[in-house]
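S.K.: Provided below for reference: sequence and predicted model.
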Amino acid sequence: MGDSQYSFSLTTFSPSGKLVQIEHALTAVGSGQTSLGLKASNGVVIATEKKLLSILVDEASVQKIQHLTPNIGTVYSGMGPDFRVLVRKSRKQAEQYLRLYKEPIPVTQLVRETATVMQEFTQSGGVRPFGVSLLVAGYDDKGPQLYQVDPSGSYFSWKASAMGKNVSNAKTFLEKRYTEDMELDDAIHTAILTLKEGFEGEISSKNIEIGKIGADKVFRVLTPAEIDDYLAEVE
Amino acid sequence: MSRGSGAGYDRHITIFSPEGRLFQVEYAFKAVKAAGITSIGVRGKDSVCVVTQKKVPDKLLDQSSVSHLFPVTKYLGLLATGITADSRSLVTQARNEAAEFRFQYGYEMPADILAKWIADKSQVYTQHAYMRPLGVVAMVLGIDEERGPLLYKCDPAGHFYGHKATSAGVKEQEAINFLEKKMKENPAFTYDETVQTAISALQSVLQEDFKATEIEVGVVRADNPIFRSLETEEIEEHLTAISERD
């Protein structure tokens, strides 16, 4: 892109060398609903709060966790509309890779291409950075992987991470509870307990979403009934 | 960090403020309220009804040209609350998009896909400086073959959700409070109950009785999925039914 009348970047350096628009974007992420991810020895789990503005909203019409490919899923903290844009672009990139190489895109490549898009929006003319951080969970030939991508376009691989309102409590909790040899089901329990830590109100299958991928390499969003089962086990 | 917003343009174009907010988007929401009307939408068991005020500011105006209720296709309706000019622009584009969808894919565009398209377009305006967000909240209604009655609301920020009932405009919050009480037990409203809930919600938040000519009502029903605007006589019947009920 590069809108014609705005052929100058809106994200520019401050005298102290900071890119303030990116910092503000991170603030927007930090005021979003908490989400987190854990990498187990045999899979990855990602989860998020799903607090809707009113009981009048049909919660079945909202799904925050999205597939990018059959074996890669993603969740966000921050601005929902910006997330939709990134999901659409990433899905297209994954399809283009598949068409060209006749192989599913590796997780690292998809993360890199998504991050590139996010970086472009911090430098191109007439646009603002994305107000979302993404957690990308996938399982390919290199095994289970979890990546976090920030509005600046920088990304890192994580064993466990959290973002949004409750990030510091959640990360502290995860640091205590995480072990390298965790199995997927343990990871799901830990994810639920972490969400519960800062949760306002009663946690239920209606106000959280969980997505997982195991050695079967199929990313799946859990149904409310399955979440209820895990919640019961956690009690 | 006290460095401030840099050039100070965060109120003029859609860039982030230091608190991570988009002021232009927030001002767009205020513009929706400044239009001075309230709209309500209710989804029943097999029908959807939307209601809005019809304020004709000048007696010399042709009343029939003052409308916020637009058919997008034969089966999809759109109730636009906010700046009239922005609404007309949005509806024209939506009509084009729905027609192309029908041509490309061979079946009617569902309400939720249209809502997503509108929301994605609105998101672009929140990220690109060259176009401001539209000062419109759009409610899209239709009957889906598989999922039944659908009511979606799209706002200037690019959010869209499906609703059991919702509201937009000046008295949005009061109306939502009223509707939350009515819908708490997840009732399955019949067509008449749906229409009367929507109309009585408007009456309750505006705290005045209005005549049939002062509101517009649009409906879609499972047994007649064509979107249509109710005639004045039909609105009269519902108003009478509501006052007899109370």
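M.R.: Alright, I've got the coordinates.
S.K.: centroid residue for chain B?
M.R.: B:M139 (2.8 Å; Cα atoms, centre = their mean).
S.K.: Specify the beta-bridge partners of it.
M.R.: Taking DSSP bridges, one obtains B:L79, B:K153 as the residues bridged to B:M139.
S.K.: wait, it sits on B:V50?
M.R.: Yes: at 5.6 Å, B:M139 and B:V50 qualify as touching, with contact defined as Cβ atoms under 8 Å. From N, CA and C alone the C-beta is placed, and that goes for glycine too.
S.K.: on that earlier part again, the residue nearest to the centre of chain B and A:K64, how far apart?
M.R.: 22 Å (Cβ to Cβ, to the nearest Å).
S.K.: circling back to that earlier point, next, show the common contact partners of B:M139 and B:V50.
M.R.: Shared contacts of B:M139 and B:V50, defined by Cβ atoms under 8 Å, 6 or more residues apart in numbering or on different chains, comprise B:S39, B:G41, B:L79, B:L151.
S.K.: Now, those that are in helices?
M.R.: Among those, no residue falls in helices (DSSP state H).
S.K.: now, the most widely separated pair of those residues?
M.R.: Across those, the longest distance by Cβ to Cβ is 11.7 Å; it joins B:S39 and B:L151.
S.K.: ok so, going back, between the shared contacts of B:M139 and B:V50, which sits nearest chain A?
M.R.: Nearest to chain A among the shared contacts of B:M139 and B:V50 is B:L151, at 8.3 Å by Cβ to the nearest Cβ.
S.K.: ok, back up a step: any chance of JSON lines for the shared contacts of B:M139 and B:V50, columns pLDDT, neighbour count and distance to B:E145?
M.R.: Output for the shared contacts of B:M139 and B:V50, formatted as JSON lines (pLDDT from 0 to 100; neighbours: other Cβ atoms under 10 Å in any protein chain shown; distance: Cβ to Cβ, whole Å):
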{"residue": "B:S39", "pLDDT": "97", "neighbour count": "31", "distance to B:E145": "26"}
{"residue": "B:G41", "pLDDT": "97", "neighbour count": "30", "distance to B:E145": "21"}
{"residue": "B:L79", "pLDDT": "97", "neighbour count": "26", "distance to B:E145": "22"}
{"residue": "B:L151", "pLDDT": "98", "neighbour count": "30", "distance to B:E145": "16"}
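S.K.: pull the longest strand from chain A.
M.R.: Criterion DSSP state E: the longest strand present in chain A is strand A:132-140.
S.K.: That one pairs with which strands?
M.R.: strand A:72-78 (antiparallel), strand A:143-149 (antiparallel).
S.K.: Name the stretch among those that sits most buried.
M.R.: Of all the strands paired with strand A:132-140, strand A:72-78 has the most neighbours on average by mean count of other Cβ atoms under 10 Å in any protein chain shown, namely a mean of 27.
S.K.: what are the ranges of the strands in chain B?
M.R.: Using DSSP E, strands in chain B cover B:38-43, B:47-53, B:69-71, B:77-82, B:136-144, B:148-154, B:160-162, B:165-169, B:215-221, B:224-229.
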